[in-house]
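Student: Predicted coordinates and the sequence they were generated for:
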Amino acid sequence: MPTTMLCLPLVWLLATAAATVTLVPTPETSPRAPKLLRESPLPPVPPRPVPAPWGDEGAPVLPRREHPELLPALAAAPEATDPASPAAPEGAPLEPGTTASGSTAAPAPGSTSDSPGPSAQPCPGDEEPAEDCGRPTEEQREAVSEAVATFALRFYQRMAEAARPEDNLLFSPVAVAMGLSHLLLGARGETRERLAAVLAYPPGLGCVHSALRLLSTAPGLFSATQIFHHPDLRLRTRFLNESLHFYNTRPWALSGNESLDLQRINAWVREASRGLLPELLSTLPPDYRLVLLSAVHLQAAWLTPLDVKQTVPLPFLRPGRPPRLVPTMTSKKYPVASFVDPHLQVQVGRLALRGGLSLALLLPLGPPGALGALERALDPPALLRLLRRAARAPPRAAALALPRVRLDVALDVVPLVHDMDFGLFLDAELCGLARGAAVDTARHRAVLALDEAGVEAAGAMAASVARSAPLLEALRPFLFLLWHDSADVPVFMGRLSDPAP
């Protein structure tokens, strides 16, 4: 965010991989994607976590995480600690410019006398104890899950207000919330309070980062974070240690060569997303200093398979435009938990997926343009009430018509956060991350594929649908959530206004 302060813009980039209902072939890397130089190895992507065991209270036991090997420039003796922060874990990094004994060393290469290291200028708030939570309570875990769901709806509503009615929307609440929460580790004072409020965390809530860590290891869900930084950016010890402990992340120094650094960032995104996001950035912002990446990947199959032979072209109604024929997955008797809420004038349908997941559809009643009224009428308690009622409703055989969907949506996060709290990042106090750090750009990309078997259907004749049976016909604009039942959080959220031809 005195005249002697060096302003170092922070670039936060979020990469979300596809949530694939049934197996969709992973696209090959684009032939135009740059190849990495041999002398520029990538930081490792954490392996897909093994589902955590579940404790007696119903919450998964946190797995032991080994600290990855540190960069030579950040290696420290095990006994080294920062007086302003809690005891550093074994193998934790020291701030550049600090020796193992705690004394200040000579300035690191590239530093100047008018830009002293963070050890020389303590950050307000570092005297406060850090979060020390091995296992969140059930109440804390539920509070964080509810906060993520609340944040998801508020963020979605800002997206809907900024978009055209015919635009499709998609984002990953888990990925965005984890990226902002990672940034929360370095926020101080009013910035920390405002950012926590944007994320819907109740004041005084403990074990936030530990609970998020549990969400990232939920069965069927893969997530990873990575920090890339300019070689002359001095990250603070406390931020490094907490990033390592809560997010299993260590910093990876960029070279300062924009072309090479762009290759490294996109290659990490490509690896973390299992190839589903071959590229996130085409250019880097000017004077970039720090890049925070978050990737989430989810793959699941329908609990009750859909027959590709029953996929036929049906008209999808679009407000103010002619209907569009789209490939539509159909079934005369598909298990659907469905009900109508007369107050909100919405039909809710829930389709079960393997791995403790479900797809929730919110279909507004009335004309195709009724989705906008539903988006404005929803509030977090109402959304959670609908989703929890759908989770309790027993599935019944219903006539189903669901368009085959593939969405790829990119967006800039900063304007949406400013809509939620105007100017939050304009003068943010992030000295807990690095002296003078400021948020410059935050980008997010999400990909979602919903189909029956990962292949194109060849049907040319519409199937007759029994109108006497309960009906879930998603052939007009609707809102959807890909919900993780065991973690009780939305992994993806969006709307379908116009299926691709």
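Tutor: Received, thanks.
Student: what pLDDT does residue 117 get?
Tutor: Here the pLDDT value assigned to residue 117 is 45.
Student: Number the chain from 893, please
Tutor: Shifting the count to begin at 893 puts that one at residue 1009.
Student: Where does the prediction get shaky in the stretch 893-1042 of the chain?
Tutor: Per-residue confidence for the stretch 893-1042 of the chain (pLDDT under 70) gives these ranges: 893-1013.
Student: helix/strand/coil for the residue sitting nearest the centre point of the chain?
Tutor: A centroid search over the chain (Cα atoms, centre = their mean) returns residue 1067, at 0.9 Å, as the residue closest to the centre. Three-state call for residue 1067 (DSSP: H, G, I helix; E, B strand; the rest coil): helix.
Student: now swap in the one 5 residues further on and tell me
Tutor: The three-state assignment at residue 1072 reads helix, by three-state DSSP.
Student: which residue sits closest to it, ignoring its sequence neighbours?
Tutor: The shortest distance from residue 1072 to any non-neighbouring residue, by Cβ to Cβ, 6 or more residues apart in numbering, is to residue 1091 (5.8 Å). From N, CA and C alone the C-beta is placed, and that goes for glycine too.
Student: got it, and residue 1017?
Tutor: Counting by Cβ to Cβ, 6+ apart, the residue nearest residue 1017 is residue 1080, at 4.3 Å.
Student: okay, now the one you found: neighbour count?
Tutor: Residue 1080 has 18 neighbouring residues, counting by other Cβ atoms under 10 Å.
Student: can you give me the strands for the stretch 1293-1393 of the chain?
Tutor: Residue ranges of the strands in the stretch 1293-1393 of the chain, as given by DSSP state E, counting those that start in this stretch, are 1297-1304, 1329-1342, 1363-1365, 1370-1376, 1381-1388.
Student: helices or strands next to the third one in the packing?
Tutor: Where contact means 3 or more Cβ pairs under 8 Å, 6 or more residues apart in numbering; DSSP states H and E, strand 1363-1365 is packed against strand 1213-1233, strand 1249-1256, strand 1288-1295.
Student: And these: which comes nearest residue 1152?
Tutor: With distances scored as Cβ to Cβ, the stretch of those nearest to residue 1152 is strand 1249-1256 (38.6 Å).
Student: mind listing what the closest one pairs with, with the direction of each?
Tutor: In its sheet, strand 1249-1256 lies beside strand 1238-1245 (antiparallel), strand 1370-1376 (antiparallel), with partners assigned from DSSP bridges.
Student: what about the last one, distance to the chain center?
Tutor: Going by Cα atoms, centre = their mean, to the nearest Å, the spacing between the C-alpha centre of strand 1370-1376 and its chain's C-alpha centre is 14 Å.
Student: list the helices and strands the longest helix along the chain packs on?
Tutor: Among the segments of the chain that qualify as a helix by DSSP state H, the longest is helix 1030-1054. Under the contact definition 3+ Cβ pairs under 8 Å, 6+ apart, helix 1030-1054 sits against strand 1061-1063, helix 1065-1076, helix 1100-1108, helix 1263-1269, helix 1272-1284, helix 1305-1312, strand 1381-1388.
Student: Mind putting these into a markdown table with mean pLDDT?
Tutor: Putting the helices and strands packed on helix 1030-1054 into a markdown table (pLDDT from 0 to 100) gives the following:
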| stretch | mean pLDDT |
| --- | --- |
| strand 1061-1063 | 92 |
| helix 1065-1076 | 89 |
| helix 1100-1108 | 86 |
| helix 1263-1269 | 94 |
| helix 1272-1284 | 94 |
| helix 1305-1312 | 88 |
| strand 1381-1388 | 92 |
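Student: For these, give me CSV that also has distance to residue 1248.
Tutor: Supplementary listing: the helices and strands packed on helix 1030-1054 in CSV, determined by distance: least, Cβ to Cβ, whole Å:
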stretch, distance to residue 1248
strand 1061-1063, 21
helix 1065-1076, 14
helix 1100-1108, 13
helix 1263-1269, 27
helix 1272-1284, 11
helix 1305-1312, 28
strand 1381-1388, 11
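Student: about what we covered before: okay if I get the strands paired with strand 1249-1256 as a markdown table plus distance to residue 1176?
Tutor: As requested, the strands paired with strand 1249-1256 are exported to a markdown table (distance: least, Cβ to Cβ, whole Å):
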| stretch | distance to residue 1176 |
| --- | --- |
| strand 1238-1245 | 37 |
| strand 1370-1376 | 31 |
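Student: export these to a markdown table and tack on mean pLDDT and distance to residue 1300?
Tutor: Putting the strands paired with strand 1249-1256 into a markdown table (pLDDT from 0 to 100; distance: least, Cβ to Cβ, whole Å) gives the following:
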| stretch | mean pLDDT | distance to residue 1300 |
| --- | --- | --- |
| strand 1238-1245 | 94 | 21 |
| strand 1370-1376 | 93 | 15 |
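Student: Among those, which comes closest to residue 1304?
Tutor: With Cβ to Cβ as the measure, strand 1370-1376 is the member of the strands paired with strand 1249-1256 nearest residue 1304 (21.7 Å).
Student: neighbouring contacts of the closest one?
Tutor: With contacts defined as Cβ atoms under 8 Å, 6 or more residues apart in numbering, strand 1370-1376 is touched by 911, 1044, 1107, 1110, 1112-1113, 1190, 1248-1256, 1263, 1266-1267, 1279, 1340, 1381-1388.
Student: now with 7 Å?
Tutor: 911, 1110, 1113, 1248-1255, 1263, 1266-1267, 1279, 1382-1388 (Cβ atoms under 7 Å, 6 or more residues apart in numbering).
Student: follow-up on the earlier one: and the angle from the longest helix of the chain to strand 1381-1388?
Tutor: Interaxial angle, helix 1030-1054 versus strand 1381-1388 (axes from the mean of the first three to the mean of the last three Cα atoms, to 10 degrees): 20 degrees.
Student: related to what we said a few turns ago, let's have the helices and strands packed on strand 1363-1365 in a markdown table, adding distance to residue 1139.
Tutor: Below are the helices and strands packed on strand 1363-1365 laid out as a markdown table (distance: least, Cβ to Cβ, whole Å):
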| stretch | distance to residue 1139 |
| --- | --- |
| strand 1213-1233 | 35 |
| strand 1249-1256 | 23 |
| strand 1288-1295 | 36 |
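Student: which one of the ones you listed lies closest to residue 1130?
Tutor: Comparing the helices and strands packed on strand 1363-1365 by Cβ to Cβ, strand 1249-1256 comes nearest, at 36.1 Å.
Student: Report the buried residues of that closest one.
Tutor: Along strand 1249-1256, the positions that meet the burial threshold by neighbour count (16 or more other Cβ atoms under 10 Å) are 1249, 1250, 1251, 1252, 1253, 1254, 1255, 1256.
Student: my read: the fifth one touches residue 1368, true?
Tutor: The one in question is residue 1253. No - with contact defined as Cβ atoms under 7 Å, residue 1253 does not reach residue 1368; the gap is 11.1 Å.
Student: can you pull up the bridge partners for residue 1220?
Tutor: residue 1204, residue 1295.
Student: one step back: for the buried residues of strand 1249-1256, give me TSV that also has distance to residue 1126 and pLDDT.
Tutor: As requested, those are exported to TSV (distance: Cβ to Cβ, whole Å; pLDDT from 0 to 100):
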residue	distance to residue 1126	pLDDT
1249	42	86
1250	45	91
1251	45	93
1252	45	95
1253	49	96
1254	47	96
1255	52	95
1256	52	94
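Student: out of the residues you listed, who's nearest residue 1294?
Tutor: Among these, residue 1253 lies closest to residue 1294 (Cβ to Cβ), at 7.8 Å.
Student: so who does that closest one touch?
Tutor: Taking Cβ under 7 Å, 6+ apart, we find residue 1253 in contact with 1241, 1366, 1370, 1372.
Student: How about it, nearest residue that isn't a chain neighbour?
Tutor: Of all residues not flanking residue 1253 in the chain, residue 1241 sits nearest, at 4.5 Å (Cβ to Cβ, 6+ apart).
Student: Alright, calling it a day.
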